[in-house]
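Chemist: Fold the following and give me the result.
(one chain, ligands or ions: 2)
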Amino acid sequence: MKARISPQAQMVLGILSQRCCHLTAEEILDSLDGIGAATVYRALERLTELGLVRKLSIGRKSAVYELARGNHLHFVCRQCGEVYDIPADFCGMVCEAAKCCGHQTQWVEVTAHGLCKGCRQSSLQAESATASNS
Ligand SMILES: [Zn+2]
Ligand SMILES: [Zn+2]
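Modeler: Residues are numbered from 1 along each chain as shown. Ligands and ions are numbered 1, 2, ... in the order given. Reported below is the predicted structural model:
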């Protein structure tokens, strides 16, 4: 059975699959012409319900949305709040552990926290700048 989704929801889905990254509702809204905020929020809610889109409330930005796809974990930068995909799969391990407690896992979300590549580089540069000044 194929779930019925509105043309607006199709467009939201299109943006997410095209960009293939984590977008806030505002960013999705910006990429779509002529669609109201309420419609985009409703479409995102529906797509999340259907399991086509995942909502991630991680990082310092508002919730981000991504296309539900293969299991991967997320890295959140504590400095810029950006969310990155890390191609690692803990799903089997987590599913097994949950099964031992009698739970049935649908999907697994693992988040790593730290400093991203870009922020690491700029903090290293800032450090060396202060070091040469003294
Ligand atoms: Zn960062
Ligand atoms: Zn992701």
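
Chemist: can you give me the strands in this structure?
Modeler: Taking DSSP state E, the strands of the chain run over residues 23-24, 53-56, 64-67, 73-77, 83-86, 111-114.

Chemist: what about the fourth one and ligand 1, touching?
Modeler: Same thing as strand 73-77. Yes: for strand 73-77, a contact with ligand 1 is found by CB under 5 Å from the ion, at residue 77. C-beta here means a position set from N, CA and C on the backbone, and glycine is covered the same way.

Chemist: Please identify the pairing partners of that strand and their relative orientation?
Modeler: Note on strand 73-77: by DSSP bridges, its sheet partners are strand 83-86 (antiparallel), strand 111-114 (parallel).

Chemist: Please work out which of the ones you listed is packed deepest.
Modeler: strand 83-86 (a mean of 16; mean count of other CB atoms under 10 Å).

Chemist: now check it, is it near ligand 2?
Modeler: Yes: using CB under 5 Å from the ion, strand 83-86 reaches ligand 2 at residue 85.

Chemist: Show me the contact partners of that strand.
Modeler: Here strand 83-86 makes contact (CB atoms under 8 Å, 6 or more residues apart in numbering) with 21-22, 56, 58-59, 61, 64, 72-77, 112, 116.

Chemist: near ligand 1, which residues of the chain show up?
Modeler: 77, 79, 80, 116, 119.

Chemist: now these as TSV including neighbour count?
Modeler: Shown next, in TSV, are the residues of the chain next to ligand 1 (neighbours: other CB atoms under 10 Å):
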residue	neighbour count
77	19
79	14
80	15
116	18
119	15
